[in-house]
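Trainee: Build me a model from this:
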Amino acid sequence: MAKKVKAIIKLYCPAAQANPAPPVGPALGQHGLNIMEFCKTFNERTKGREGLVLPVVITAFEDRSFKFIIKSP
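Mentor: Residues are numbered from 1 along each chain as shown. Predicted structure coming up:
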């Protein structure tokens, strides 16, 4: 059975430099998501693209899990 979507969050994050400071921390925290898990995964997936600010679409689920898509700048 599919997970229920709680929210869709759109952010702009610098590649390989996401951290829990605003805007990432408050945006994810208000939906109960694991901020450090997002930052670690995002930074790993964007290595090699330093210097770019990338749009990210995060889908938050009711069970507090999430998935995200990194768009082109």
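Trainee: which residues are in contact with stretch 3-10?
Mentor: By CB atoms under 8 Å, 6 or more residues apart in numbering, the list of residues contacting stretch 3-10 from outside reads 27-28, 31, 55-63, 65. Where you see a C-beta, it was placed from the backbone N, CA and C, and this is true even at glycine.
Trainee: Just the buried ones out of those residues, please.
Mentor: Buried by 16 or more other CB atoms under 10 Å: 27, 28, 56, 58, 60, 61, out of the contacts of stretch 3-10.
Trainee: of the residues you listed, closest to residue 16?
Mentor: Proximity of those to residue 16, judged by CB to CB, is greatest for residue 56, which lies at 12.7 Å.
Trainee: pretty sure residue 28 contacts residue 35?
Mentor: Yes - with contacts counted by CB atoms under 8 Å, residue 28 reaches residue 35, the gap being 4.9 Å.
Trainee: any idea which helix or strand comes after the biggest helix by length in the chain?
Mentor: Longest helix in the chain by number of residues, with DSSP state H as the criterion: helix 35-45. Moving toward the C-terminus from helix 35-45, the next helix or strand (DSSP states H and E) is strand 53-61.
Trainee: what about the very next helix or strand once past that following strand, distance to the chain center?
Mentor: Scanning forward in sequence from strand 53-61 by DSSP H and E, the next helix or strand is strand 66-70. Averaging C-alpha positions (CA atoms, centre = their mean, to the nearest Å) puts strand 66-70 6 Å from its chain's average.
Trainee: For residue 45, which non-adjacent residue is spatially closest?
Mentor: In space, not counting the residues next to it along the chain, residue 45 is nearest to residue 70; the distance is 6.5 Å by CB to CB, 6 or more residues apart in numbering.
Trainee: what do you get for residue 33?
Mentor: Once its chain neighbours are removed from consideration, residue 33 has its nearest residue in residue 66; the separation is 5.2 Å (CB to CB, 6+ apart).
Trainee: The one you found touches residue 57, doesn't it?
Mentor: No - taking contact to mean CB under 8 Å, the distance of 10.7 Å between residue 66 and residue 57 leaves them out of contact.
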